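Colleague: what's the 3D shape of this:
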Amino acid sequence: MKDFLYSKLVRSLVLAGGASALMCLAGCATVGPDYVPPSLKVPADWHAALPHEGSTTNLLHWWAGFNDPALDLLLRSAESESPTLGQAAGAIAAARASREQAAADLLPKASAGAGLTRSGTSRLDNPNLPAGSTSLPASATTRSGGLDASWEVDLFGSIRRSEQAAMARLQARQAEWHDARISLAAEVGSEYINFRACQVLLQLQQRNLASLRKTADSTKAAVDQELMAPAESTLAAAGVANAQASLRAQRAECDLGIKALVALTGIDEPGLRQTLAKDRPAIPMPPELDIRSVPVQLLSQRPDLVAAERSLAAASADIGVAEANRYPRLSLLGSISVSHSDTQGSGVSTAPWSFGPSLSLPLFDGGRLRAQVASARAGYQTALANYRGRVRTAVREAEQALVRLDAATRRSEDIANAAAGYRRYFDAAERNWTAGGINLLSLEEARRNALQAEQADISTRRDRVLDGIALYKALGGGWQRTDNMTVAGVSQ
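Modeller: Model (predicted):
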């Protein structure tokens, strides 16, 4: 009997569900707008100059082109230890669970339960009744089990729209993880370049201090021999003190860079210092960038834009969910239970069951559901404005990075020539001063000019690499879509 009723319930649900599905195919509608990627007008070509006329290597392997083992180690460590990437990965897991939950709502649901109850009545008026008395209280044992099942027929697409929204949000979270990864790599790379440039500047300051001390010693010897005025020795000592202060400030800047890299990579400071000390301080030069992609292609190349577009798709699906909630909802409900009660050796078994459709229709809610639709439409307009703004920002960032990189490239040769010229002039002035041809003030002016020119040369070389990293980030870091995300439509 129990098996018969159970099979009857399941068969009834399946048959009714199939009939309802056929009814839905014949007359059901998915309400709300069908998402269409927005059409945006962006330039077809870059207006800024393309470095090396766009003949370059692939962005996907750009960091490896530095040929710097220390940088590779820092990038790997940062990615494995980053709290930011950990948060982004957690967001992906949560979005995936939400999508699975939305998909599960399309399927029938069933739950089972079982119970055991022991009941009876205790005598309180005369607990000292003799054994075998017919007045002893009776007791009963009841065993029960049941199965409940339900299946909501998605008449107007509320569940399907919810699944669409959940999938789009999952894709957005995945793109955001890639965006966080690119930003992290750019930040680590920039801090590393700043640190290497700081080390080169530190070496320059050390050489300058050593040169000043040598000049100060020569000046003091000349003053002691009354070949120079005492003021010359005072000027030389002042130059040494100023150089020492600059050297201490430069060393502090390098220490700050170490602290920043420790925070980004999670490597302990002694180990990081040991790693960075293995190589001679130098500013590594990046490979050329692949910028043949025009602004139109940039929209599918930057993960932050993909995330914004997928969020827009989710907002569109939310409108359909809100619209569907204003229409009737049809569910198929069924239950079966089996109960056996045993009282003083007499047993009674029952197997009640029920099955039928349930229809709910919102009649009056004070405008709450209509307000939910308006809220969903407003959310879509907000997401659309955000997407459009991000597209404009992306094109602007890439154009500005191109201009900065081009400017740094063009001026680097001039500044390098200037630094070499000032250094040659200082070497000549130092020989002339040793021979007594010029005074110490003229020598120090030549030294200061040479120092400033060399500092500018180092800073320009650093900026050129930093501008290359900025362009790498602006172009999406070489990330490419490998899933079935919808590419936003763009008109030129």
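
Colleague: Let me see the ranges of the strands in the stretch 301-450 of the chain.
Modeller: Ranges of strands in the stretch 301-450 of the chain, per DSSP state E, counting those that start in this stretch, are 329-343, 346-350, 353-360.

Colleague: Okay, now the unreliable bits of this protein?
Modeller: 1-28, 50-60, 121-138, 289-294, 344-345, 480-492 (pLDDT under 70).

Colleague: Give the burial count for the spatially closest residue to residue 281 that is not a sequence neighbour, as a bare number.
Modeller: Excluding its sequence neighbours, the residue lying closest to residue 281 (C-beta to C-beta, 6 or more residues apart in numbering) is residue 199, at 3.5 Å. (C-beta placed from N, C-alpha, C; glycine too.) The tally of other residues near residue 199 (other C-beta atoms under 10 Å) stands at 22.

Colleague: Then residue 90?
Modeller: Other residues close to residue 90 by other C-beta under 10 Å number 12.

Colleague: And the residue most central in space within the chain, how close does it get to residue 311?
Modeller: The chain has residue 180 as the residue nearest its centroid, 3.0 Å off, counting by C-alpha atoms, centre = their mean. From residue 180 across to residue 311, the span is 15 Å (C-beta to C-beta, to the nearest Å).

Colleague: Assign a three-state SS to the residue nearest to the centre of the chain, would you?
Modeller: State at residue 180, reduced to three classes by DSSP: H, G, I helix; E, B strand; the rest coil: helix.

Colleague: How about the contacts made by it?
Modeller: With contacts defined as C-beta atoms under 8 Å, 6 or more residues apart in numbering, the neighbours of residue 180 are 82, 84, 85, 88.

Colleague: where do the helices sit along the stretch 201-350 of the chain?
Modeller: Ranges of helices within the stretch 201-350 of the chain are 230-265, 269-276, 295-298, 303-324, based on DSSP state H, counting those that start in this stretch.

Colleague: most tightly surrounded among those helices?
Modeller: helix 303-324 (a mean of 24; mean count of other C-beta atoms under 10 Å).

Colleague: For it, name the packing helices and strands.
Modeller: helix 158-224, helix 368-434 (3 or more C-beta pairs under 8 Å, 6 or more residues apart in numbering; DSSP states H and E).

Colleague: between the ones you listed, which gets nearest to residue 267?
Modeller: Among the helices and strands packed on helix 303-324, helix 158-224 comes nearest to residue 267, with 11.0 Å by C-beta to C-beta.

Colleague: And the protein, what are its domain boundaries?
Modeller: In terms of domains, the chain is parsed into 1-30+329-361, 31-115+157-327+372-491 (source: automatic domain parsing).

Colleague: Compare those domains and report which one is nearest to residue 140.
Modeller: Taking these one by one with C-beta to C-beta, domain 1-30+329-361 is closest: 4.1 Å.

Colleague: which stretches of the stretch 51-200 of the chain form strands?
Modeller: 109-120, 139-153.

Colleague: what comes up buried for the longest one?
Modeller: Okay, so that is strand 139-153. 140, 145, 146, 147, 148, 149, 151, 152, 153 (16 or more other C-beta atoms under 10 Å).

Colleague: Next, the angle from it to helix 158-224.
Modeller: 80 degrees (axes from the mean of the first three to the mean of the last three C-alpha atoms, to 10 degrees).

Colleague: name the helices or strands packed onto strand 139-153?
Modeller: Secondary elements touching strand 139-153 (3+ C-beta pairs under 8 Å, 6+ apart): helix 2-27, strand 109-120, strand 329-343.

Colleague: name the helices or strands packed onto the second one?
Modeller: Looking back up the chat, that one is strand 109-120. strand 139-153.

Colleague: now the strand it packs on and strand 346-350, what's the angle there?
Modeller: 10 degrees.

Colleague: Now strand 139-153 - C-alpha only, CSV.
Modeller: Extracted in CSV, the C-alpha atoms of strand 139-153 (Å, rounded to 0.1, in the frame of the first residue of the first chain):
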residue,chain,number,x,y,z
SER,A,139,0.3,3.2,26.5
ALA,A,140,0.7,3.6,22.7
THR,A,141,3.5,3.7,20.2
THR,A,142,3.1,5.6,16.9
ARG,A,143,5.5,5.4,14.0
SER,A,144,5.1,7.8,11.0
GLY,A,145,6.9,8.7,7.8
GLY,A,146,6.0,11.2,5.1
LEU,A,147,7.1,12.7,1.8
ASP,A,148,6.3,16.2,0.6
ALA,A,149,7.0,17.4,-3.0
SER,A,150,6.5,20.7,-4.9
TRP,A,151,7.2,22.1,-8.3
GLU,A,152,6.7,25.7,-9.3
VAL,A,153,5.8,26.2,-13.0
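
Colleague: Within the sheet, what are the partner strands of it, with directions?
Modeller: strand 109-120 (antiparallel), strand 329-343 (antiparallel) (DSSP bridges).

Colleague: most packed of those strands?
Modeller: strand 329-343 comes out most buried of these by mean count of other C-beta under 10 Å, with a mean of 17.

Colleague: CA atoms only: put it into CSV for me.
Modeller: The C-alpha trace of strand 329-343 is given here as CSV (Å, rounded to 0.1, in the frame of the first residue of the first chain):
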residue,chain,number,x,y,z
ARG,A,329,2.4,31.9,-9.7
LEU,A,330,1.5,28.2,-10.2
SER,A,331,2.9,25.4,-8.1
LEU,A,332,2.2,21.7,-8.0
LEU,A,333,2.0,20.3,-4.5
GLY,A,334,1.8,16.8,-3.2
SER,A,335,2.3,14.9,0.0
ILE,A,336,2.0,11.3,1.3
SER,A,337,2.4,9.9,4.8
VAL,A,338,2.3,6.5,6.5
SER,A,339,1.4,6.1,10.1
HIS,A,340,1.1,3.0,12.4
SER,A,341,-0.2,3.2,15.9
ASP,A,342,0.1,0.3,18.3
THR,A,343,-2.1,0.4,21.5
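
Colleague: Just give me how far that strand sits from the chain centre.
Modeller: 49 Å (C-alpha atoms, centre = their mean, to the nearest Å).

Colleague: do stretch 466-474 as well
Modeller: That offset, for stretch 466-474, works out to 18 Å (C-alpha atoms, centre = their mean).

Colleague: which residues are contacting it?
Modeller: Counting by C-beta under 8 Å, 6+ apart, residues outside stretch 466-474 touching it are 59, 62, 182-183, 186, 189-190, 193-194, 286, 289, 291, 302, 394, 397-398, 400-402, 404-405, 408, 478.

Colleague: now with 6 Å?
Modeller: 62, 182, 186, 189-190, 193, 286, 289, 397-398, 401, 404-405, 408 (C-beta atoms under 6 Å, 6 or more residues apart in numbering).
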